[in-house]
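Novice: Need coordinates for the below:
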Amino acid sequence: MNLNKMGFNEFFQNDFQANYSDQTLIVGRVALEHKRLYRVWTEVGELLCEVSGKFSFNATSREDYPAVGDWVVLNGRPEEQKGTIHGVLSRKSKFSRKVAGETTDEQIVATNVDTVFLVSSLNDDLNLRRLERYLLLTWESGANPVIVLTKTDLASDIHEKVSAIEAVALGVPIIPISVVDGTGIEELTRYVESEKTIALLGSSGVGKSTIMNYFLGEEKQKVQGIREDDAKGRHTTTHREMVLLPNGAILIDTPGMREIQLWEGGEGLSESFSDIEQLADRCKFRDCTHKNEPGCAVLMAIEDGVLDADRLHSYKKLLKELAYLDRKLDKRAQAAEKSKWKSINKQIKNRR
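Specialist: Numbers count the residues shown, from 1 in each chain. Take a look at the predicted model:
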């Protein structure tokens, strides 16, 4: 395997040279993660790796551990097809969400991604509010979004649906496709470039595996049919995995996400809702809440039919969600800091 073909470039090279002088260390890219075991692509082949004890001791959060797409620094043992990871190189992008449920923890979906294909099915899956969340997280990750609308051969009113999406995905490419009849495939292929990494994100059964199989030219991921009772596709992908395509591009397939809970979103929110924030700049009052204030440009845009009231409601909901998350993360950070100093003080007392 050639590192450059796997996406290794000057950004990662400079980080590696600046921080690691041990000549026995090599770099590789995490292709698959499973319970703290990692399949890593290296120039000496694919290695099954674990993190070192020192690495694990120094790690304080999920963000410190490797994820699919990461470039890692390791000692390789190619004769055993194994290795030990000692560090993670800086990330160019990181797509994260909060783990499902009540726990306030980060789940890193993929890193060092250039483009995110946000995949929705035109026949039943289209949900504008969910798409807004995907877009927010994609902009926040540092990658570029492309909206892929699958199953045009099974859909009606395609133009109306695309128009609705354009209203919430400002300036984002929208590509309706069908692998069955070839609609949109040529346009989509333009984004699948050599040495670039593309992540496939979307709900279960929307056609991510079908797209993967098309570009691979083989049925790597088994594709299951449409359920007759609700027209939804069945779930096929069970884990995140990086796949090298024949043309040198890299695809990361991901399981369908039932919940899209935010993890970060400051810049992503501004990018996703730039229409509302630009209108807000024209409000009479700087602290306008867009409820019933006189001279509110946002409410006037809704009255004039320029802005959808549901979009404003979604914007406010996401703002509240991010504020709540910030408070929880701040409390967790305070508790972690208190625990750390309690441990340090205990060690000092034991030495006396």
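
Novice: Verify the contact between K196 and N247 for me.
Specialist: No - using CB atoms under 8 Å, K196 is not in contact with N247, being 10.0 Å away. Heads up, the C-betas are built off the backbone N, CA and C, glycines and all.

Novice: So for the protein, the centremost residue is which one?
Specialist: Nearest residue to the geometric centre of the chain (CA atoms, centre = their mean): F95, 3.0 Å.

Novice: Output the longest strand belonging to the chain.
Specialist: In the chain, assigned by DSSP state E, the strand with the most residues is strand 26-34.

Novice: circling back to that earlier point, quick check on K196 and N247: which one has the bigger neighbour count.
Specialist: More neighbours surround K196 than the other of K196 and N247, with 15 against 12 (other CB atoms under 10 Å).

Novice: which residues does that one contact?
Specialist: Taking CB atoms under 8 Å, 6 or more residues apart in numbering, we find K196 in contact with G7, D114, T115, A249, I250.

Novice: So which of the residues you listed belong to strands?
Specialist: Per DSSP E, the contacts of K196 map to strands at T115, I250.

Novice: Test my guess that V298 contacts K291.
Specialist: No - counting by CB under 8 Å, V298 sits too far from K291 to count as a contact (9.7 Å).

Novice: Could you check which of these two has the larger neighbour count?
Specialist: The neighbour comparison of V298 against K291 (other CB under 10 Å) goes to V298, with 25 against 9.

Novice: How many residues are close by the residue lying closest to that one once chain neighbours are set aside?
Specialist: Distances taken as CB to CB, 6 or more residues apart in numbering place H290 nearest to V298, at 4.3 Å, with adjacent residues excluded. Residues near H290, counting by other CB under 10 Å, number 18.

Novice: H290 contacts M300, correct?
Specialist: No - the pair H290 / M300 is not scored as a contact, 10.2 Å apart, by CB under 8 Å.

Novice: circling back: against which helices or strands is the longest strand of the chain packed?
Specialist: Other elements packing on strand 26-34 under the criterion 3 or more CB pairs under 8 Å, 6 or more residues apart in numbering; DSSP states H and E are strand 37-42, strand 45-51, strand 71-77, strand 241-244.

Novice: Run through who's touching the first one.
Specialist: Applying CB under 8 Å, 6+ apart, the contact partners of strand 37-42 are 1, 6, 26-33, 46-50, 66, 72, 74, 76, 83, 85, 242, 244.

Novice: Now, of the residues you listed, which are buried?
Specialist: Buried by 16 or more other CB atoms under 10 Å: 6, 26-33, 46-47, 49, 66, 72, 74, 76, 83, 85, 242, 244, out of these.

Novice: Number of residues surrounding H239?
Specialist: H239 - counted by other CB under 10 Å - has 11 other residues nearby.
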